[in-house]
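Got a predicted model here, sequence first, then my questions.
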Amino acid sequence: MIKELLDIKPRNPYLSIALDEAIVQYYEKHPDFKGAIRLWSNPYSIVMGRTCIPEENLKPEFISGFQTSMKKAIWQKEPSLCRRASGGGTVIHGPGNINFSIFISLKQFPELFDLKKSYIEILNLVKTALQAQDVNCKMQGLSDLVFEEGDLEKKISGNAQFRKKGFLAHHGTLITRKNLIHSVSESLLHPPREPDYRNGRSHESFLGSLPEGFDITSFYSILSSEFRKMLKTDESEKINSSDRKNIYCIARNLVKDVYSRKEWILDRKISYGTAVRNDEQIGNLETGT
C-alpha cells in the first residue's frame, strides 16, 4: 500500500518544504511502509538546492531584502527565500507551477539506491503521466524532463533527491503557466553550472510550460497509479488525520530548528539548539542534481 497526501493549497513555504523531510522521519518508524506520494504547491518562493550559494544564483535585491516570516500576510505578498534538503539548482515556486514528491523505502526496494537508476525509474512514471495528455518528453541530464519546441529542447521539469533514514525522497516541479518563466528571469542569475544541452541559453529560451488546459488532477491520478505498479501494490490510501497531525508536528519543529533559520538558508548550515553544523558534515543526506 502507498500513502497519499494531496496538499495543493499554498501554505507557509518553509512548512511546505519541511514536510518532505517530516514524512521521512515519521514513516521510518513503520517497518511495513513501502512508499508515499504528495502533490503540493507554494506561494511565490525562491528555493535553493542544498549546496547552492545565494550570490551565485540570485539577483542581489533578493539577498539584501531577505527575511523569513511565519506570518501569512507577509509570505503571501513577499517572495520567500528558502533552501531544501536535496541537491540541484535554484527554482521558483508559486502560481504557475505544481510540485510532486515521491517517497520510497530503500529497505523494501534496495535496487533504487543506485542514483541514476532511481531517476530513470521515477521519471518514467512522470513521463507516462504527461504523455497521457499528449505532452511527449524525454529525460536529459541526470534529472530533467524536456520536450521539443522547434529545434530547441525545453525543460519542463526539474527534479532532485535526498536520501535519509533508509528512504529515498524525490521531488520535482512542473511549470503549468508560461508567465512563471518571466518570474524566473526576474529573480535568478544564469546558473553557475548547467547541463550540456542548455548551451548557454537564457531562462526564457531554456524553460517550457505545460499546455493550456492541462489537467493536474488527471496527471496525479495516472502518476499515482504508475507509482503503485512500480511498488507492486494495488492499494493506496490518503494519510489519515492522526498521521497527518503527527507529520505536521514534525514539520513545524523542522521549520523552527532548520528551514526558517538564516544560517541554513544563507550559509548552508543546520542549527539544532546551540549546535551548528556545516552541511558538508551531514553524512546522511545523499543528494542528486
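Nice, I can see it. Residues are numbered from 1 along each chain as shown.

quick one, strands of the stretch 101-250 of the chain?
For the stretch 101-250 of the chain, applying DSSP state E, counting those that start in this stretch gives strands covering 138-140, 144-149, 152-164, 167-175, 236-238.

Now render the ones you listed as a markdown table, adding mean pLDDT.
Output for the strands of the stretch 101-250 of the chain, formatted as a markdown table (pLDDT from 0 to 100):
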| stretch | mean pLDDT |
| --- | --- |
| strand 138-140 | 96 |
| strand 144-149 | 95 |
| strand 152-164 | 96 |
| strand 167-175 | 97 |
| strand 236-238 | 96 |
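
how about these, which one is nearest Glu78?
Glu78 sits nearest to strand 167-175 of all these, at 20.8 Å, using Cβ to Cβ. All C-beta atoms are positioned from the backbone trio N, CA, C, and that covers glycine.

That closest one vs strand 144-149, what angle?
20 degrees (axes from the mean of the first three to the mean of the last three Cα atoms, to 10 degrees).

now for strand 167-175, which elements pack on it?
In terms of contacts (3 or more Cβ pairs under 8 Å, 6 or more residues apart in numbering; DSSP states H and E), strand 167-175 is packed against helix 13-27, strand 97-105, helix 115-131, strand 152-164.

will you turn these into JSON lines that also has mean neighbour count and distance to Leu145?
Listed next are the helices and strands packed on strand 167-175 as JSON lines, based on neighbours: other Cβ atoms under 10 Å; distance: least, Cβ to Cβ, whole Å:
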{"stretch": "helix 13-27", "mean neighbour count": "24", "distance to Leu145": "19"}
{"stretch": "strand 97-105", "mean neighbour count": "23", "distance to Leu145": "12"}
{"stretch": "helix 115-131", "mean neighbour count": "18", "distance to Leu145": "6"}
{"stretch": "strand 152-164", "mean neighbour count": "22", "distance to Leu145": "4"}
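
so can I have JSON lines of these showing distance to Asp257?
Output for those, formatted as JSON lines (distance: least, Cβ to Cβ, whole Å):
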{"stretch": "helix 13-27", "distance to Asp257": "9"}
{"stretch": "strand 97-105", "distance to Asp257": "21"}
{"stretch": "helix 115-131", "distance to Asp257": "27"}
{"stretch": "strand 152-164", "distance to Asp257": "15"}
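
What strand or helix carries the residue nearest to Ser183 when sequence neighbours are not counted?
Spatial nearest neighbour of Ser183, chain neighbours left out: Ile92 (5.5 Å); criterion: Cβ to Cβ, 6 or more residues apart in numbering. Assigned by DSSP states H and E, Ile92 belongs to strand 91-93.

Can you tell me the closest non-neighbouring residue to the residue nearest the centre of the chain?
Nearest residue to the geometric centre of the chain (Cα atoms, centre = their mean): His171, 3.6 Å. Using Cβ to Cβ, 6+ apart and skipping the chain neighbours, the partner closest in space to His171 is Ser101 (4.3 Å).

Please report the distance of the one you found from Ala18.
Going from Ser101 to Ala18 by Cβ to Cβ, to the nearest Å gives 12 Å.

which residues touch the strand holding Ile92?
Strand 91-93 has contacts (Cβ atoms under 8 Å, 6 or more residues apart in numbering) with 13, 41-47, 99, 158, 173, 180, 183-184, 187-188.

Now do the spatially closest residue to Lys3 that is not a sequence neighbour, the pLDDT please.
Once flanking residues are discounted, Lys3 sits nearest to Ala36: 3.9 Å by Cβ to Cβ, 6+ apart. You'll see Ala36 listed with a pLDDT of 98.
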